[in-house]
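**Q** let me see the structure of the following:
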Amino acid sequence: MTMKTSRWCISSISITITILRLLSPLILSLPHSNSLTIAITGSSQGIGLDAAKRLLTAGHTVIHCCRNQDRATIAVTESGGGTPLVCDLSSFDSIRASAQTLITEAPTLDVLCLNAGVAPSTKADVPQLT
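**A** Residues are numbered from 1 along each chain as shown. Purely as a prediction, here's the structure:
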């Protein structure tokens, strides 16, 4: 990881933490009758997992958007509930399929929390371009 990449990662983490700190009290204070449907990318560990736990405890519906089925299963187990959804952000086909699944299975999606960390991979051959 280069210095420029590491600064970008640190900046994006800081922004995510700031947004979660600002929105958490608002979302968590809603009564159970105002339950929200919330999709969280990267909810199998770290900030995303903690957010999912808190939101589930507050009575909201959580959809775990994770890179593969194993991570999605971990997210559901570790957070104590929710719905698994495979969404590999390195594949446009996976992103499109996940979006279509969200449209059909969660037509009242209230919040999309884009929390997944995206960084250069040493395993990827070539990134997909639009």
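
**Q** give me the phi and psi for Ile38.
**A** According to degrees, to the nearest 10, the main-chain angles of Ile38 amount to phi -130, psi 120.

**Q** err, Ser44, not the other one
**A** Taking degrees, to the nearest 10 as the convention, Ser44 sits at phi -90, psi -10.

**Q** that one - how many residues pack around it?
**A** Residues contacting Ser44 under the criterion other CB atoms under 10 Å number 26. Placement of C-beta: from N, CA and C, glycine included.

**Q** shouldn't it be in contact with Cys66?
**A** Yes. Counting by CB atoms under 8 Å, Ser44 touches Cys66, with 5.0 Å between them.

**Q** identify the contacts common to these two.
**A** Common contacts of Ser44 and Cys66 (CB atoms under 8 Å, 6 or more residues apart in numbering): Ala72, Ile74, Ala75.

**Q** scan those residues and report the most crowded one.
**A** In terms of neighbour count, Ala75 stands highest of those at 27 neighbours, by other CB under 10 Å.

**Q** any chance of the backbone angles for that residue?
**A** The phi/psi pair for Ala75 (degrees, to the nearest 10) reads phi -60, psi -50.

**Q** for the helix or strand containing Ser98, buried residues please.
**A** Using DSSP states H and E, Ser98 maps to helix 92-105. Buried residues in helix 92-105, counting neighbours by 16 or more other CB atoms under 10 Å, are found at Ser98, Thr101, Leu102.

**Q** how about the helices of the chain, start to end?
**A** 3-29, 46-57, 69-79, 92-105 (DSSP state H).

**Q** test my guess that Ile38 contacts Gly59.
**A** No. Using CB under 8 Å, Ile38 is not in contact with Gly59, being 11.3 Å away.

**Q** understood, closing this out.
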